[in-house]
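1. Provided below are the primary sequence and the corresponding predicted coordinates.
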Amino acid sequence: MKNGMGTMGGAALMAMVPPGVRSAAWVAGSDAPEMKEVRLGFIPLTDCASVVIASVMKFDEKYGIKIILSKEASWAAVRDKLVNGDLDAAHVLYGLVYGVHLGIGGLKKDMSVLMTLNNNGQGITLSNHLKDKGVTTGEALKKLVDGEKRDYTFAETFPTGTHAMWLYYWLAGNGINPLSDVKTITVPPPQMVANMRVGNMDGFCAGEPWNHRAIYDKIGFTATTTQDIWKDHPEKVLGCTAEFVQQNPNTARALIMAVLDASKYLDVIANRSRVAEIIADSSYVNAPFEVIEDRFLGNYEDGLGKKWNDSNYMKFYNDGAVNFPYLSDGMWFLTQHKRWGMLKDDPDYLAVAQKINQVELYKQAAAQVNTPVPKDLMRSSTLMDGVVWDGKDPKKYAASFKVRA
Amino acid sequence: MKQTSKTNEQPLRVLLVDETFERAALLKHALQEAGYRIAAHVSSSADLPGLVAELNPDVIILDTESPDRDTLEHLCVISRDQPRPIVMFTHDDDSEKIRAAIRAGVSAYVVNGLQSERLRPIMDVAMARFSEFQTMRMDLEKAENQLAGRKDVDRAKGILMKQRGWSEDEAYQALRKMAMDKGLKLSELSRQIITMAELLI
């Protein structure tokens, strides 16, 4: 701030314009944001695109707020800063928000999900040394784990987060118990590839661009994309504390509107190369443009010679279907937390989701930016093992898995 | 549950994870003086879970901004090894204290069911050293900025001398008067003049 370019030459202009004038229009309205600046945390991943674009392309200013982006080094830091008010909101793992609300693994605080940021676009990478052993599929991995005894290590990005749940679901779906048959560790996504290179792990689950990066660096291959585990699965959300929403409902609504605008922009495929260029910068994802762009456009290769155009690539809008905070999406993470022993008892699944997911606020925001909302608060999906999840009987669903903690 | 195995006389063992060597050195020294043992200092660990299992420290202290924190979070939730580490905050309801620790950039993970009363002095030492280091770094930055500011003033003077045909002293006096009239620092005004000159010339 002290030495920013913005202060130079701007001083004269600023002196002439009374400070309140620009925001006067918003102050007059009853839905004026309570805060002018919103500090928003993100982790360097391709799916931080919508919050970055909301700020960089000034969709935020349209709604009377200014997003101050803050790049974070760990999900733990995102959580601590949200809870302590150093961040107002964040691009955050769906399951992490639910974990904090229930106090899994430490800090407990009432949390809120304002909207879902994206569907799809994560992946599971296996190391090339497994490929050398003929392992290219989950079934082959199961055979190796059964047949050749040693410590197998798999990494995800946060214990209660989405990648842990995709990894566990995929391993379990292939008959491998992620808690007892193999060792799981947490590694920050930007360090995944480096860790795999030095032989610290057999596989990892993370967001892009890190799976593509592993192929680019010739150290691993994509065993599955997460959209092949669950087509259009929920992934990152716009999360904050319940306190923030209670005290600043108009700011929260303005934030949803700004990010919805950015999400629409992002789902116009013609805009994506430009966005990939913007987020490749060291201030954001800090990865080569070509590593980000391909999968961002749906152009996949798996590192085993297969190339395809994936129609279930990373989506940010999809006519609003991505962003609606479906209660069944939030409940799913609770069922998995229960399945893997992070929750001892069944929570009141529906009540927790109703409390966290800000459906009413989202609907108000969506109406103002002409984003369609579904009638139903639940949605039905069929996952990789053919099991249907529709949110109707979460307790039964959580107990139905054979492979569990 | 394993409290009895560690008597109060045994010094608590601290694992330090810090990429900033000077800061770690400061903290190491201070902790040792306060009677704690440093189990190890690593800058970053490719195998932090292995290290924790091997060294079995009582406390792990690291930078709040360290990416390694997520690795420890995992050990808090899922671990085949008992006892599990816990995030400091679980046992510390003093939110002001938590905030102060975060501001100072200190995060701690407790491994052997350590009581929060025994952790507190370690946290105080760590926070003090982290803050001290932060002040040192800020002083250094300030000195560097002042140096850069002086260079800007020299450049602005040069521009005025060339454009107005003033002597160095005349240019400097004019700069000072303008800065005072506008309520700006000399270096700020100089930067504005440089920018204007770049735009116009």
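-> Looks like it came in fine.

2. alongside chain A, which residues does chain B contribute?
-> B:46-47, B:49, B:64-74, B:76-78, B:80, B:86-87, B:89-90, B:95, B:98-99, B:102, B:107, B:145, B:182, B:184, B:188, B:191-192, B:195-196, B:199 (C-beta under 8 Å from any C-beta of the partner chain). For every residue, glycine as well, the C-beta is placed using N, CA and C.

3. from memory residue A:205 sits against residue A:122, does it?
-> Yes: using C-beta atoms under 8 Å, residue A:205 makes contact with residue A:122 at a distance of 6.7 Å.

4. between these two, which is the more surrounded one?
-> Of the pair residue A:205 and residue A:122, residue A:205 is the one with more neighbours under other C-beta atoms under 10 Å in any protein chain shown, namely 32 against 29.

5. mind listing what that one touches?
-> A:122-125, A:154-157, A:163-164, A:166-167, A:170, A:226 (C-beta atoms under 8 Å, 6 or more residues apart in numbering or on different chains).

6. and those residues as TSV, adding pLDDT and distance to chain B?
-> Converted to TSV, the contacts of residue A:205 look like this (pLDDT from 0 to 100; distance: C-beta to the nearest C-beta, whole Å):
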residue	pLDDT	distance to chain B
A:122	98	16
A:123	98	19
A:124	98	17
A:125	98	17
A:154	97	12
A:155	96	9
A:156	96	8
A:157	96	7
A:163	98	11
A:164	98	8
A:166	98	15
A:167	98	12
A:170	98	17
A:226	98	19
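
7. quick one: distance of the helix or strand hosting residue A:213 to the chain centre.
-> Take DSSP states H and E as the rule and residue A:213 turns out to sit in helix A:210-216. With C-alpha atoms, centre = their mean, to the nearest Å as the basis, helix A:210-216 stands 18 Å off its chain's centre.

8. so after that helix, what's the next helix or strand?
-> Going down the chain from helix A:210-216, the next helix or strand is strand A:220-225, by DSSP H and E.

9. just the pLDDT at the spatially most central residue of chain B, thanks.
-> Closest residue to the average C-alpha location of chain B: residue B:134 at 5.0 Å, with C-alpha atoms, centre = their mean. pLDDT recorded at residue B:134 is 82.

10. from the chain's centroid, how far away is the particular helix or strand that has it in it?
-> In the assignment (DSSP H and E), residue B:134 maps to helix B:116-164. Centre-to-centre, helix B:116-164 and its host chain are 13 Å apart (C-alpha atoms, centre = their mean).

11. and the gap between the closest residue in space to residue A:364 that isn't next to it in sequence and residue A:259?
-> Excluding its sequence neighbours, the residue lying closest to residue A:364 (C-beta to C-beta, 6 or more residues apart in numbering or on different chains) is residue A:253, at 5.8 Å. If you measure residue A:253 against residue A:259 using C-beta to C-beta, to the nearest Å, the figure is 11 Å.

12. returning to what we had before: and the helix holding residue A:213 with chain B, contact?
-> No: contact between helix A:210-216 and chain B is absent, the nearest approach being 13.3 Å (criterion: C-beta under 8 Å from any C-beta).

13. next, count neighbours for residue 130.
-> Assuming you mean chain A. Count around residue A:130 with other C-beta under 10 Å applied: 19.

14. that's the other chain; I wanted chain B
-> Counted with other C-beta under 10 Å, the neighbours of residue B:130 add up to 23.

15. go on, residue B:72?
-> 25.

16. next one: it from residue A:402, what distance?
-> Per C-beta to C-beta, residue B:72 is found 31 Å from residue A:402.

17. next: residue A:176.
-> For residue A:176 relative to residue A:402 (C-beta to C-beta), the value is 12 Å.

18. ok, now residue A:163?
-> On the measure of C-beta to C-beta, residue A:163 and residue A:402 end up 22 Å apart.

19. ok, back up a step: which residues are in contact with both of residue A:205 and residue A:122?
-> Residues touching both residue A:205 and residue A:122 by C-beta under 8 Å, 6+ apart: A:163, A:166, A:226.

20. can you say which helix or strand has the second one in it?
-> What that stands for is residue A:166. Using DSSP H and E, residue A:166 maps to helix A:162-173.

21. who does that helix touch, helix- and strand-wise?
-> Counting contacts by 3 or more C-beta pairs under 8 Å, 6 or more residues apart in numbering or on different chains; DSSP states H and E, helix A:162-173 packs against helix A:94-102, strand A:122-127, helix A:138-147, strand A:153-156, strand A:183-186, strand A:203-207, helix A:327-339.

22. go through the ones you listed and pick out the most buried.
-> Of those, the one with the most neighbours on average (mean count of other C-beta atoms under 10 Å in any protein chain shown) is strand A:203-207, at a mean of 29.

23. if we can go back for a sec, what's whichever helix or strand comes after the helix holding residue B:134 packed up against?
-> Tracing the chain C-terminally past helix B:116-164 and defining elements by DSSP H and E, one meets helix B:168-182 next. Packing contacts for helix B:168-182, counted by 3+ C-beta pairs under 8 Å, 6+ apart, involve helix B:116-164, helix B:186-200.

24. 10 Å instead, please
-> The contact analysis (3 or more C-beta pairs under 10 Å, 6 or more residues apart in numbering or on different chains; DSSP states H and E) places helix B:168-182 against helix A:10-16, helix B:116-164, helix B:186-200.

25. helix or strand with the lowest mean pLDDT in chain B?
-> Among the helical and strand segments of chain B, the one scoring lowest on mean pLDDT, DSSP states H and E is strand B:86-87, with a mean of 66.

26. C-alpha coordinates for the helix or strand following that strand, PDB please?
-> Counting by DSSP H and E, the element after strand B:86-87 in chain order, helix or strand, is helix B:95-104. What follows is helix B:95-104, C-alpha atoms only, in PDB (Å, rounded to 0.1, in the frame of the first residue of the first chain):
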ATOM      1  CA  SER B  95      -9.500 -16.700  22.100                       C
ATOM      2  CA  GLU B  96      -7.400 -13.500  22.600                       C
ATOM      3  CA  LYS B  97      -4.400 -15.800  23.200                       C
ATOM      4  CA  ILE B  98      -5.200 -17.700  20.100                       C
ATOM      5  CA  ARG B  99      -5.500 -14.500  18.100                       C
ATOM      6  CA  ALA B 100      -2.200 -13.200  19.500                       C
ATOM      7  CA  ALA B 101      -0.500 -16.500  18.600                       C
ATOM      8  CA  ILE B 102      -1.800 -16.400  15.000                       C
ATOM      9  CA  ARG B 103      -0.700 -12.700  14.700                       C
ATOM     10  CA  ALA B 104       2.700 -13.600  15.900                       C
END
